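S.K.: Provide a 3D model corresponding to the input given below.
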Amino acid sequence: MLDLFRRQASNLVGVGIVFVIAIVFIFSFGPQSSGWGKGRSVLNAATVYGDSISESSFRWAYVMNGGRSIPLEDQKRTGLKESTLQGLIERQLMVRRAREIGLAVSDDDVDSSIIRGEFLITKPIDQILQDNHNYRTYYRGMRPPVLLLRSFVRNMNFEKEGRFDYEGFRMFVLHHLESNLKAFKEEQRMELLAHRLRQVVSSAVQIGEEELFGNYVANALKIKLAYIRLIPVFFQETFKPDASDIEKWAMDNKTDIDQYYQHNIYQYTNLERQAHARRILLKIDEKAGDDNKKEKKALADRTIRRLRRGEDFAEVAREVSNDTESGRKGGDLGWVPKGRLEPALEEALFNLSPGKISGVIESREGLNILKLEGFREGDISVEAATPEIASQLYREKMGEDLAQGKADEYLKRLKDGESLENIIPDTISAQDPLAPKVQETPLFSRRGNRIPDIGDDPVLAETVFKLTEENPLADKPVRIGKDFYVIKLIERTDPSREEFLMAKDVIKSELLEQKRIDAVGAYIKDLINKAVDDDAIWRNTAILTYPEIQKTQGRSSDEESDKAGSSPPDTAGTGSENNESSSPQNSDTNPSDKSAD
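M.R.: Predicted structure coming up:
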C-alpha cells in the first residue's frame with residue numbers, strides 16, 4: 001500500500017503524509033473519535049441474508065448521496081432515503097456474490113481509489129436503468145454517459161500543490177461525512193468489491209459482426225412518410241344523429257350514463273343560472289377595411305332572414321360560421337354561465353326566451369347571431385341530464401367508429417392504386433385543423449420509438465421501418481391514443497456496407513456499452529429477486545422517515561431510530577411494527593441528479 005502512496009507523492013513531505021494516512025487507517029480513531037456512532041449502540045438499517053447493514057453505513061451513504069444539501073421536500077419527492085437504503089442492499093447482495101466467486105479488494109486498491117479522489121456509492125439499479133432510458137429518450141438515441149462506472153463514482157479533488165491533500169481529505173471524512181477514516185475505508189472496500197462484480201459481468205458481453213451491422217442498418221436507415229390523421233372529435237362533431245338512435249342507445253347503456261354522471265357530478269349540482277346557447281360568428285378583419293365589414297354585415301342580414309324563414313340554425317351555422325370549433329357542432333356552445341361571454345352577448349342571450357334567435361350583435365371578434373336552447377340552474381338529476389349525457393357519449397362512440405371506418409376506406413383506396421391527392425375530398429374544409437388532410441414527415445432515422453409529427457409508439461415505429469418501395473403501405477390503420485393514421489412510405493434511404501465499415505468502431509462502442517448496462521441490470525435484478533423469494537431482506541423502516549414527520553411525533557431523528565430499535569429478529573419476515581421484509585424500493589430520482597453536494 002505504501003508503494004502506491006509513494007508513487008503519488010512528489011517529495012518527502014508527501015511520503016510523510018501518506019505514512020500518517022496509513023497509520024490512521026490501521027488504528028483509526030478508536031472509541032474516542034468523533035462522528036456517527038459515538039456514545040451510541042450500533043444499530044442496523046437492514047440485513048441481507050443475515051449480514052448487517054449498519055445505521056452508520058446508511059448515514060454515510062445518505063450524506064454521500066447529497067442528504068445534507070438537497071432540500072427536504074426534494075428528498076421526500078425523490079425518495080432519497082429509500083433509494084439510499086436500496087443501494088446499500090444491492091451492494092450487499094453484490095458483495096456476497098463477489099466473495100462467493102473469489103473476488104477480493106486489497107488495501108492498496110482502496111488507497112489508490114482514495115488518492116484518485118474516486119469515492120464510490122452504489123445506486124439502485126432501477127435508477128441507473130431509468131437514467132439510461134431517459135437520456136436516450138430525451139436526446140433521441142444519442143449515446144448516454146458511461147453509466148456502469150460514472151453513476152457510482154463521486155469525484156472529489158484532494159490535490160494541493162501537486163500532492164495528495166491528506167488534511168483536506170481527513171476533514172472531509174470527519175466533518176462532512178461525520179465518519180472516521182477506518183469506517184470510510186471499509187465502505188470503499190465494499191463499494192469496490194461490488195463494482196468489481198459489475199465489471200466481471202459486463203466484460204462477458206460480446207458483439208458479433210452481423211449483430212453490429214444489423215444494429216447499424218436499424219439506426220442509419222432513413223425514411224419519409226405521408227400520412228392522413230383521422231381525429232374522432234372531428235367526426236363526432238360533424239355527425240348528425242337521429243334522436244331515436246340516441247334514445248335507444250341511452251336505454252341500452254344506462255350504466256355508462258350513470259357512471260358518467262357520478263364522475264362529473266360537479267357539472268350537475270349547485271349550478272348558477274346557465275344558458276344552453278348556439279352561435280353563428282362572422283369574423284371581421286379590421287385590417288381589411290370597410291368593404292370587408294360591409295360584406296360581413298350583408299351576410300349577417302341574409303343569415304338572419306334564412307333563420308327567420310325557418311332554416312335549421314345548426315345547419316346554417318355549419319355552413320357560414322367562422323368559428324370552426326363551434327361551427328362544426330352546429331354552433332353549439334354548450335351550457336354557458338354568466339361571466340363567460342362578452343357583456344353585450346351575455347345580456348342578449350339571457351334575455352332571450354328558449355327557442356328564440358337574437359338579432360345581429362357586434363363583439364370584438366365580429367358579428368354574432370345567438371339562439372337560446374334553454375336554461376337550467378340548481379341541481380340536475382341524472383334523469384334530467386340523461387339526454388345530454390347520452391348524446392355526448394353516443395357521439396363519442398360514433399366519432400371513433402366513423403374515424404376508423406374512414407381510415408379503412410382510405411387505406412383500401414390507396415391499396416387499389418388511388419393517389420394520396422385524390423383521397424381527401426374537397427368538401428372537407430382545409431381551414432378546420434381537425435379535418436383529415438395529407439401531411440408529410442421530414443426524412444428521419446430511428447431514434448427510439450418516436451415518429452416526427454406523429455408521436456411515440458413502439459408498434460408504429462416497428463411498422464413504418466419495415467415499409468419498402470415494393471410494399472409502401474401498412475397492413476392496417478395505426479391507432480395512437482384516440483386518433484387513427486393511414487401511413488404510406490414515400491422515401492427510403494438504405495445504408496451501405498461501406499458506410500457501416502467507416503462507422504463500425506463507434507457503433508461497436510455504443511452498442512457494447514448499452515448491452516453491458518442491460519446485462520448488469522439483469523444480473524443485479526436476478527440477485528434481488530432471489531433474495532426477495534428467499535425472504536432474505538429486512539429493512540428498518542424507522543430510518544426512512546423524514547424530520548418533518550418525526551417532529552410531529554415529538555422526537556428527533558436520532559431518538560426515533562433508538563426507540564424503534566434496529567436489531568432484526570433471528571429470521572427475516574418478523575419483527576416490530578417499524579420493521580418489514582419486503583421487495584426492493586423503487587426510486588423516482590430525477591435522472592440528472594448525480595448526488596453531488
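
S.K.: List the buried residues of the longest helix along the chain.
M.R.: When the chain is parsed with DSSP state H, its longest helix is helix 497-533. Within helix 497-533, the residues scored as buried using 16 or more other CB atoms under 10 Å are 500, 507-508, 510-511, 513-517, 519-521, 523-524, 527-528, 531. No exception for glycine: its C-beta is placed from N, CA and C like everyone else's.

S.K.: So the residue lying closest to E315 once chain neighbours are set aside: helix, strand or coil?
M.R.: Leaving out its chain neighbours, the residue that sits closest to E315 by CB to CB, 6 or more residues apart in numbering is G330, at 7.1 Å. Secondary structure, DSSP: H, G, I helix; E, B strand; the rest coil: G330 is coil.

S.K.: do the same with F119
M.R.: Assignment for F119 (three-state DSSP): strand.

S.K.: before we move on, back to that, so after the longest helix of the chain, what's the next helix or strand?
M.R.: Sequence-wise, the next helix or strand downstream of helix 497-533 (DSSP states H and E) is strand 537-540.

S.K.: mind listing what that next one pairs with, with the direction of each?
M.R.: strand 44-48 (antiparallel), strand 579-580 (antiparallel) (DSSP bridges).

S.K.: May I have it as PDB, with CA atoms only?
M.R.: C-alpha atoms of strand 537-540 as PDB (Å, rounded to 0.1, in the frame of the first residue of the first chain):
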ATOM      1  CA  ILE A 537     -34.000  -8.800   3.000                       C
ATOM      2  CA  TRP A 538     -35.100  -7.000   6.200                       C
ATOM      3  CA  ARG A 539     -35.400  -3.200   6.500                       C
ATOM      4  CA  ASN A 540     -35.600  -0.900   9.500                       C
END
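
S.K.: which residue is nearest the centroid of this structure?
M.R.: A centroid search over the chain (CA atoms, centre = their mean) returns N134, at 8.2 Å, as the residue closest to the centre.

S.K.: how much space between V201 and I537?
M.R.: 21 Å (CB to CB, to the nearest Å).

S.K.: right, I mislabeled it, should have said R99
M.R.: Counting by CB to CB, the gap from R99 to I537 is 18 Å.

S.K.: Could you do N132 as well?
M.R.: Relative to I537, and taking CB to CB, N132 is found at 25 Å.

S.K.: again with K356
M.R.: 73 Å.

S.K.: neighbour-wise, which of the two wins?
M.R.: I537 (23 against 10; other CB atoms under 10 Å).

S.K.: Quick check, that one in contact with Q86.
M.R.: No. Counting by CB atoms under 8 Å, I537 stays clear of Q86, with 9.8 Å between them.

S.K.: okay, now I361: neighbour count?
M.R.: By other CB under 10 Å, the residues close to I361 number 19.

S.K.: Equivalent analysis for the one 4 residues further on, please.
M.R.: The local packing count at E365 equals 14, with neighbours defined by other CB under 10 Å.

S.K.: Same check on R68?
M.R.: 12.

S.K.: ditto for E161
M.R.: Neighbours of E161 (other CB under 10 Å): 8.

S.K.: I487 sits in which helix or strand?
M.R.: strand 483-493.

S.K.: Okay, buried residues for that strand please.
M.R.: 483-490, 492.

S.K.: now do stretch 242-251
M.R.: 246, 249-250.

S.K.: nearest to R395, of the residues you listed?
M.R.: Checking the buried residues of stretch 242-251 against R395 with CB to CB, the nearest one is I246 at 8.7 Å.

S.K.: Beyond the host helix or strand of the closest one, next helix or strand please.
M.R.: If you go by DSSP H and E, I246 is part of helix 243-252. Using DSSP H and E, the helix or strand that follows helix 243-252 in sequence is helix 254-263.

S.K.: which helices and strands does that following helix pack with?
M.R.: helix 382-415 (3 or more CB pairs under 8 Å, 6 or more residues apart in numbering; DSSP states H and E).

S.K.: Kindly calculate the angle that the helix it packs on makes with strand 483-493.
M.R.: Helix 382-415 and strand 483-493 meet at an angle of 20 degrees, taking axes from the mean of the first three to the mean of the last three CA atoms, to 10 degrees as the criterion.

S.K.: counting contacts, what elements does helix 382-415 pack onto?
M.R.: Secondary-structure packing of helix 382-415 (3+ CB pairs under 8 Å, 6+ apart): strand 222-230, helix 232-238, helix 243-252, helix 254-263, strand 483-493.

S.K.: Nearest approach to D291 belongs to which of the ones you listed?
M.R.: helix 232-238 (31.8 Å).

S.K.: outside of that closest one, which residues touch it?
M.R.: 318, 328-329, 395-396, 398-400, 402-403, 406, 432, 434-436, 482-484 (CB atoms under 8 Å, 6 or more residues apart in numbering).
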